[in-house]
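Student: from the sequence below, what's the structure:
(2 chains)
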Amino acid sequence: SQQGEEDPQALSIQEGENATMNCSYKTSINNLQWYRQNSGRGLVHLILIRSNEREKHSGRLRVTLDTSKKSSSLLITASRAADTASYFCATHASGGSYIPTFGRGTSLIVHP
Amino acid sequence: KAGVTQTPRYLIKTRGQQVTLSCSPISGHRSVSWYQQTPGQGLQFLFEYFSETQRNKGNFPGRFSGRQFSNSRSEMNVSTLELGDSALYLCASSLAGVSNEQFFGPGTRLTVL
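Tutor: Prediction:
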């Protein structure tokens, strides 16, 4: 089963609105990463957050991590049509396994 | 710097055949990983190569194999193709490995008929 699960599966908003998507996971992690994928193409790395960090920012992106709840959220502020894509979280479990596990993704549509 | 390149971009094969996919990482990156992406199973890790050695392996049958050359370029081979192998195969490179930032190629879309 997938380690990370994104929620919601799909999100449709208007340009200028904020978009929030969540990722839940099952086991302890070393870090969690968020990626973006445009329509069947390669993934683009957005942010890496380590298990001892609670929040990170990058431009219009804000990622939080709550290890007690085993969850992370990605907030995109002032969304643009160009943000339309699928967003995935990838977790790296602690304890020696370096195999990354991806969730099924949140499909975000931003209407102009 | 040139990004990760994958060849071919599209491939159509029939059941029972074998296929080889190629990936050229970003210059200086020693880690190359392969992923399979399907609508049903999502993104799944196949394996990682670092300095010509397989370092991590996902839960895929032995029909899936790979190798890495001294220039860090990597190939992935799938033998005895099955219909379920139809997928987007993504390659990613990184400086230090899969637990760090990875740079993905555009993928190879494999269709098995």
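Student: what is B:Gln6 paired to in the beta sheet?
Tutor: As for beta bridges, B:Gln6 partners with B:Cys23 under DSSP bridges.
Student: please report how far the most centrally placed residue in chain B lies from B:Ser70.
Tutor: Compute the mean C-alpha point of chain B, and by CA atoms, centre = their mean the closest residue is B:Trp34, 3.2 Å away. Here B:Trp34 is placed at a distance of 18 Å from B:Ser70 (CB to CB, to the nearest Å). C-betas here are computed from N, CA, C, even on glycine.
Student: now A:Asp7
Tutor: 44 Å.
Student: got it, and B:Val112?
Tutor: In this structure, B:Val112 and B:Ser70 are separated by 31 Å, where distance is defined by CB to CB.
Student: looking at those two, which one has more neighbours?
Tutor: A side-by-side neighbour count of B:Val112 and B:Ser70, using other CB atoms under 10 Å in any protein chain shown, places B:Val112 first with 19 against 7.
Student: do I have it right that the more buried one meets B:Glu82?
Tutor: Yes. Here B:Val112 reaches B:Glu82: they are 6.6 Å apart, a contact under CB atoms under 8 Å.
Student: count of residues packed around residue 46?
Tutor: Here I'm looking at chain A. If we define neighbours as other CB under 10 Å, then A:Leu46 has 20 of them.
Student: can you look at chain B instead?
Tutor: By other CB under 10 Å, neighbour count at B:Leu46 equals 21.
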